[in-house]
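In: no FASTA, just this:
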Ligand SMILES: Nc1ncnc2c1ncn2[C@@H]1O[C@H](COP(=O)(O)OP(=O)(O)OP(=O)(O)O)[C@@H](O)[C@H]1O
Ligand SMILES: Nc1ccn([C@H]2C[C@H](O)[C@@H](COP(=O)(O)O)O2)c(=O)n1
């Protein structure tokens, strides 16, 4: 069998820094990047646009199969723009309501099946950094490098609060904390592909660590 394209998986709960760290690491390595959460968010949004009942697993899976999702890469690790069925949905997708809808539809096995091949198609030379909840456990179990990022729930809520405030979105810290804890519980307790570290993942608690420190720790795994 030929040499497989290397994959670095970065899983963890909401606000642990997966996206930020993955994008920066991908730029430094010159690898591709997969934001798997954006796929679930995009399907949730497309389902809402077409008034599909989010609790109807087969209807949402059909929506997942027909939704066109395009990533327009940002410069130097900036968040990519996400185009859903031809519309730039980047801003809407980052709202906590989109995260909650994504978390709800992600619990349906047919929806996860519908996104399986698409996620694996991101594995292209010279390498892939993939972030999500089940990258190291289900999508790329053979990944050469696996990281599980965490941070205290309070710090994750504070990070998200600052991020949304910088974007001009007004939300309360306590409300965000409640939403983050509810999403963590739903993602970790679902029957299929729950949020959990792969057995061979390296755990990094990012509480109190700067972004640059976390990037350096992750890069050291790939280039020791
Ligand atoms: N180590 C860190 N120190 C301080 N802030 C951080 C750190 N890592 C990420 N952040 C900031 O926290 C916010 C959330 O990070 P990010 O979106 O990368 O998290 P995430 O785990 O991908 O979340 P989600 O799963 O909800 O998409 C961003 O504003 C980011 O700049
Ligand atoms: N691999 C993945 C990625 C995401 N999800 C679900 C669960 C999350 O709460 C939601 C949004 O993800 P985020 O953008 O916050 O990373 O999507 C999943 O089940 N599996």
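Out: Sure thing, it's come through. Bear in mind that the values here come from a model prediction, so they are computed numbers and not experimental data. Ligands and ions are numbered 1, 2, ... in the order given.
In: next helix or strand past the longest helix along the chain?
Out: In the chain, with assignment by DSSP state H, the single longest helix is helix 173-189. Along the chain past helix 173-189, the next helix or strand (assigned with DSSP states H and E) turns out to be strand 202-205.
In: quick check, that following strand touching ligand 1?
Out: No - judged by Cβ under 6 Å from any ligand atom, strand 202-205 makes no contact with ligand 1; its nearest approach is 9.3 Å. Just so you know, the C-beta spots here come from the backbone N, C-alpha and C atoms, and that holds for glycine as well.
In: which parts of that strand are buried?
Out: Buried residues in strand 202-205, counted by 16 or more other Cβ atoms under 10 Å: residue 204.
In: what residues of the next helix or strand after it count as buried?
Out: Sequence-wise, the next helix or strand beyond strand 202-205 is helix 211-222, with elements assigned using DSSP H and E. Residues of helix 211-222 classed as buried by neighbour count (16+ other Cβ under 10 Å): 214, 215, 217, 218, 219, 222.
In: show me the shaky parts of this protein.
Out: Along the chain, segments meeting pLDDT under 70 span 1-2.
In: would you map the helices across it?
Out: Using DSSP H, the helices assigned to the chain run over residues 18-29, 36-49, 57-66, 90-93, 96-105, 109-120, 153-166, 173-189, 211-222.
In: figure out which of these is closest to ligand 2.
Out: In terms of Cβ to the nearest ligand atom, the element of the helices of the chain nearest to ligand 2 is helix 36-49, at 2.3 Å.
In: just the buried residues of helix 211-222 that are near ligand 1?
Out: Among those, the residues lying close to ligand 1 (Cβ under 6 Å from any ligand atom) are residue 214.
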